[in-house]
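J.: Fold the following for me, if possible:
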Amino acid sequence: MTSRYKLDPKLVNLGLYMAASLHPGIDFQKKPRKKSTFEESVMQQHFVRWLHLKYPYVVKTSFAVPNTARRSLQEGSRFKREGVKAGVSDFIILYPSSGYHGMLIEFKTAKGKMTPEQTEFQDNVRKANYYAITCRSLDIAMAEVTGYINPTQKEGIPLDQMKRH
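T.: Okay, here's the model as predicted:
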């Protein structure tokens, strides 16, 4: 998405200089970011569509965590003060089942790697009796959720039967 406002690079550098002079010791240089993986986003979108069809009662207590959005320094600072944390799973299901309080899903491509923050977050929520998993395909995510919600059933809705919203 492109902005309709054009930023003058000189002003951006001046803003970083001013922020650094007001807060010595803090590195305000923009860090290079990894390109967001479109594949993970598409996988998660299909998953949410499937969840709406298969388990509409679970969707009422489920939500995505938009942690990968690009933010300005001011927004990032505000979100951090509000409690936003790096490493939080992509999708959270607050529906107790199978002896767990809820389920947390991290979507990754086949080659995607977990960050240390994501690994630590999953370890911490597992200790608090949540089912936290990393799914590398839509089929795995569907099977895991089906097994979590209904342990006697181990299959999801086939992709060709999914309706478009």
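J.: what ranges do the helices span in this protein?
T.: Here the chain has its helices, by DSSP state H, at 9-22, 38-54, 56-59, 73-82, 116-127, 138-149.
J.: and the shortest one, average pLDDT?
T.: Per-residue pLDDT values over helix 56-59 give a mean of 94.
J.: And the helices of the chain: which comes nearest Ser97?
T.: Between Ser97 and the helices of the chain, the tightest spacing by C-beta to C-beta is seen for helix 138-149, at 5.3 Å. Yep, even glycine has a C-beta here, placed from its N, CA and C like the rest.
J.: other SSEs contacting that closest one?
T.: Applying 3 or more C-beta pairs under 8 Å, 6 or more residues apart in numbering; DSSP states H and E, one finds that helix 138-149 makes contact with helix 38-54, strand 103-107, strand 131-135.
J.: Rounded mean pLDDT for the last one, please.
T.: So the one you mean is strand 131-135. On average, the pLDDT along strand 131-135 is 96.
J.: Direction included, what does that strand pair against?
T.: Using DSSP bridges, strand 131-135 pairs in its sheet with strand 103-107 (parallel).
J.: so what's Val125 closest to, chain neighbours aside?
T.: Of all residues not flanking Val125 in the chain, Ala132 sits nearest, at 4.9 Å (C-beta to C-beta, 6 or more residues apart in numbering).
J.: ok, now which ones touch the one you found?
T.: Listed by C-beta atoms under 8 Å, 6 or more residues apart in numbering, the contact partners of Ala132 are 89, 103-106, 121-122, 125-126.
J.: Out of the residues you listed, who's the most crowded?
T.: Sorting these by how many neighbours each has (other C-beta atoms under 10 Å) puts Met103 first, at 25 neighbours.
J.: separation between that residue and Pro151?
T.: Per C-beta to C-beta, to the nearest Å, Met103 is found 13 Å from Pro151.
J.: shared neighbours of the two, anything?
T.: With C-beta under 8 Å, 6+ apart, Met103 and Pro151 have common neighbours Ser97.
J.: returning to that earlier point: nearest to Val58 among the contacts of Ala132?
T.: When those are compared against Val58 (criterion: C-beta to C-beta), the nearest one is Met103, at 9.2 Å.
J.: Low-confidence bits of the chain, can you list those?
T.: For the chain, the stretches with pLDDT under 70 are 1-37, 68-70, 153-165.
J.: still on that earlier bit, present the contacts of Ala132 as JSON lines; the columns should include distance to Leu51.
T.: Below are the contacts of Ala132 laid out as JSON lines (distance: C-beta to C-beta, whole Å):
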{"residue": "Ser89", "distance to Leu51": "15"}
{"residue": "Met103", "distance to Leu51": "11"}
{"residue": "Leu104", "distance to Leu51": "14"}
{"residue": "Ile105", "distance to Leu51": "10"}
{"residue": "Glu106", "distance to Leu51": "16"}
{"residue": "Phe121", "distance to Leu51": "21"}
{"residue": "Gln122", "distance to Leu51": "20"}
{"residue": "Val125", "distance to Leu51": "19"}
{"residue": "Arg126", "distance to Leu51": "22"}
